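Novice: quick one, what's the 3D model for this:
(one chain, ligands or ions: 1)
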Amino acid sequence: MKNILVTGGAGYIGSHAVVELLDSGYNVIVLDNLENGYIELVDKRAKFYKGDIRKIESFENIFIENKIDAVMNFAGYIKVGESVIEPNKYYLNNTYGVMNVVEVMKKYNVKNIIFSSTAAVYGEVKCEGLVYEDYPTNPINAYGMSKLMAEKIITDAAKAYGINYSIFRYFNVGGAHEKYEIGQKGDGVTALIPIILQVAKGEREKISIYGDDYPTKDGTGIRDYIHVVDLVKAHVAALPTLFENISGIYNLGNGTGFSVLEMIDSAKKVTNKNIEIEVIERRMGDPASVVASSEHARKILGWKPVYTNVDDIIKTAWNWYKKL
Ligand SMILES: NC(=O)c1ccc[n+]([C@@H]2O[C@H](COP(=O)([O-])OP(=O)(O)OC[C@H]3O[C@@H](n4cnc5c(N)ncnc54)[C@H](O)[C@@H]3O)[C@@H](O)[C@H]2O)c1
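Specialist: The predicted structure is shown next:
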């Protein structure tokens with residue numbers, strides 16, 4: 001049985017990766033500092049270590065005590081707005097932290113890494129059609145830049161130390177597991193689906209829509225939403241490719257765009273609640289439409305998303321979130 005180290009495994013996406021790995025027959029070891037993660041989200045079948053990727057001495061023991069076959073790095077900070085105010089916080093965790101992980105991998109001869117990157121590496125997307133992996137990278141905030149720099153650290157390590165990588169650029173991740181009691185906790189989250197559901201649950205008065213005069217079907221911004229279980233399944237599908245020394249950078253999205261108003265309408269239908277909206281000024285740098293091509297992941301990993309209907313994505317998120 002192969003041993004997979006999941007950093008950030010107590011977080012939203014990491015906890016979903018843990019159960020999918022376990023259900024696929026891998027041994028799972030989790031490293032998390034529990035700053036934004038929750039021990040109750042970590043499946044009991046996994047071995048848990050508390051440590052911090054910013055401090056090698058806090059996690060090196062994992063590599064001494066276990067023979068790690070691959071690392072999945074989910075640990076990091078995720079708030080775009082905060083990254084603009086506190087860029088160093090993001091570079092320290094999302095960039096330097098990843099360098100530490102790679103350094104320890106090198107020391108203990110671990111050859112495979114899967115890395116959570118983001119569509120934010122593309123910056124202000126100006127294409128009408130789908131975004132492919134060769135779209136120029138030009139992040140407009142420290143979050144996107146911290147991830148792009150981490151990508152570079154990994155691809156350089158691949159060349160220099162013979163490390164194989166799957167770098168996944170996520171678009172908007174949503175939903176919750178249907179089989180396990182895990183999902184996205186709402187506190188401080190800035191993603192659209194949790195905010196809409198907070199309004200539906202009465203925890204927030206209304207949702208602000210940043211501009212309704214974009215050149216889109218209803219004037220609101222269009223984005224690509226991928227279900228968290230589909231997303232982590234791509235990670236599990238990438239492992240055999242790494243073990244065959246195949247590396248790659250892959251966009252992960254649904255391939256279909258939904259407008260903010262469509263998302264709100266869907267949430268109204270799913271939750272059967274009224275969702276108050278207010279339209280405010282556009283946000284600087286927000287493009288009209290960003291939709292992923294995941295053709296590369298489909299082709300190389302033999303993967304495809306199952307939750308293609310946005311109602312189903314919101315339904316799984318609501319079923320989890322309403323119980324919190
Ligand atoms: N949620 C999204 O839509 C989205 C989109 C693009 C990329 N990503 C990336 O996916 C990854 C996971 O995101 P998430 O939504 O699950 O976030 P999350 O905050 O729920 O999970 C991150 C986890 O990492 C842990 N962590 C943070 N810094 C750490 C450190 N220095 N050492 C050890 N553990 C640390 C946190 O405690 C938390 O459990 C992140 O790297 C994020 O940038 C997420």
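
Novice: does stretch 54-63 come close to the ligand?
Specialist: Yes: on the criterion CB under 6 Å from any ligand atom, stretch 54-63 is in touch with the ligand at Arg54. For glycine as for every other residue, the C-beta is placed from the backbone atoms N, C-alpha and C.

Novice: ok, residues contacting that stretch?
Specialist: With CB atoms under 8 Å, 6 or more residues apart in numbering as the test, stretch 54-63 has contacts from 5, 29, 31, 49, 51-53, 68, 92-93, 96-97, 100, 103-105, 107-108, 110.

Novice: of those, buried ones?
Specialist: Among these, the ones that count as buried by 16 or more other CB atoms under 10 Å are 5, 29, 31, 49, 51-53, 68, 93, 96-97, 100, 104-105, 110.

Novice: closest to Gly183 out of these?
Specialist: Closest to Gly183 out of the buried ones among the contacts of stretch 54-63 is Leu31 (21.1 Å), distances taken as CB to CB.

Novice: ok, then the element right after the host helix or strand of that closest one?
Specialist: Here Leu31, judged by DSSP states H and E, is contained in strand 27-32. For strand 27-32, the following helix or strand on the C-terminal side (DSSP H and E) is strand 47-50.

Novice: all helices for this protein, in order.
Specialist: With DSSP state H, the ranges of helices along the chain come out as 12-23, 60-65, 80-85, 87-90, 97-107, 142-161, 192-200, 228-243, 260-271, 295-301, 310-321.

Novice: what sits against Met149?
Specialist: By CB under 8 Å, 6+ apart, the residues touching Met149 are 91, 95.

Novice: identify the residue nearest Gly188 in space, chain neighbours excluded?
Specialist: Leaving aside its sequence neighbours, Gly188 sits nearest to Lys79 (CB to CB, 6 or more residues apart in numbering; 7.4 Å).

Novice: and if you look at Thr220?
Specialist: Leaving aside its chain neighbours, Thr220 sits nearest to Val260 (3.9 Å; criterion: CB to CB, 6+ apart).

Novice: next up, the contacts around the one you found.
Specialist: Listed by CB under 8 Å, 6+ apart, the contact partners of Val260 are 192, 209, 220-221, 223.

Novice: out of these, which one sits closest to Asp156?
Specialist: Arg223 (30.9 Å).

Novice: so that closest one bridges to which residues?
Specialist: As for beta bridges, Arg223 partners with Phe258, Val290 under DSSP bridges.
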